[in-house]
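Trainee: got a structure for you, letters missing:
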């Protein structure tokens with residue numbers, strides 16, 4: 001029996017000065033998908049998405065990996081708008097997504113205009129700490145697009161200002177500047193499921 005993933009990594013690092021690539025190769029195969037699984041999409045979709053989760057120029061692979069895992073759990077498709085702050089084959093993305101990544105419906109697009117074209121006809125919700133309306137005060141519909149900005153800057157004003165009536169925020173005390181990106185995406189996805197009575 002293998003030790004837990006975090007315990008195994010700690011042992012490997014203590015045993016020798018291994019690189020992230022060395023550790024990724026040393027991990028048991030059930031914890032990580034193959035590198036090719038991160039970039040090769042199956043001919044038949046894994047599922048018909050209930051929601052579309054958009055990460056606009058995400059910077060931290062851990063967050064993207066965690067959001068991808070949550071998307072698999074709820075049946076959402078993950079979209080990432082370039083430039084990304086990491087490679088799709090990034091070790092930390094694989095670690096956060098674990099063996100769920102091959103089950104995920106996801107797509108990487110080169111720019112915002114391409115995303116809009118691919119999701120034309122869908123309803124967009126834009127998440128920003130500058131918005132006035134709470135994420136819990138709207139009724140989500142199947143097929144909605146939930147858009148989140150990058151970790152360091154948030155969603156650009158020019159994106160959500162195009163339709164400020166669709167801008168949402170997560171309430172927070174003033175002592176906290178912002179919430180973690182993967183937490184925000186999970187909160188929004190599960191609020192939609194709660195409204196639909198699927199949880």
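Mentor: Thanks, I have the structure now. The structure presented is a predicted model; accordingly, all values stated were derived computationally and were not measured.

Trainee: What's opposite residue 126 in the beta bridge?
Mentor: residue 147, residue 167 (DSSP bridges).

Trainee: Residue 117: neighbouring residues, count only.
Mentor: The number of residues packed near residue 117 is 10, by other Cβ atoms under 10 Å. All C-beta atoms are positioned from the backbone trio N, CA, C, and that covers glycine.

Trainee: any idea how far it lies from residue 110?
Mentor: 11 Å (Cβ to Cβ, to the nearest Å).

Trainee: Hmm, residue 85 is touching residue 55, no?
Mentor: No - assessed by Cβ atoms under 8 Å, residue 85 is found out of contact with residue 55, at 10.3 Å.

Trainee: Tell me which of the two has more neighbours.
Mentor: residue 55 (26 against 15).

Trainee: who's in contact with the residue nearest to that one when sequence neighbours are not counted?
Mentor: Distances taken as Cβ to Cβ, 6 or more residues apart in numbering place residue 80 nearest to residue 55, at 4.9 Å, with adjacent residues excluded. Residues near residue 80 by Cβ atoms under 8 Å, 6 or more residues apart in numbering: 54-55, 58, 64, 106-109.

Trainee: So in this protein, where's the weakest helix or strand by average pLDDT?
Mentor: helix 20-26 (a mean of 40; mean pLDDT, DSSP states H and E).

Trainee: Which parts of the protein are strands?
Mentor: 51-56, 76-81, 105-109, 124-127, 133-134, 145-148, 167-169 (DSSP state E).

Trainee: would you list those in a markdown table and tack on distance to residue 190?
Mentor: As requested, those are exported to a markdown table (distance: least, Cβ to Cβ, whole Å):
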| stretch | distance to residue 190 |
| --- | --- |
| strand 51-56 | 11 |
| strand 76-81 | 11 |
| strand 105-109 | 18 |
| strand 124-127 | 14 |
| strand 133-134 | 15 |
| strand 145-148 | 12 |
| strand 167-169 | 15 |
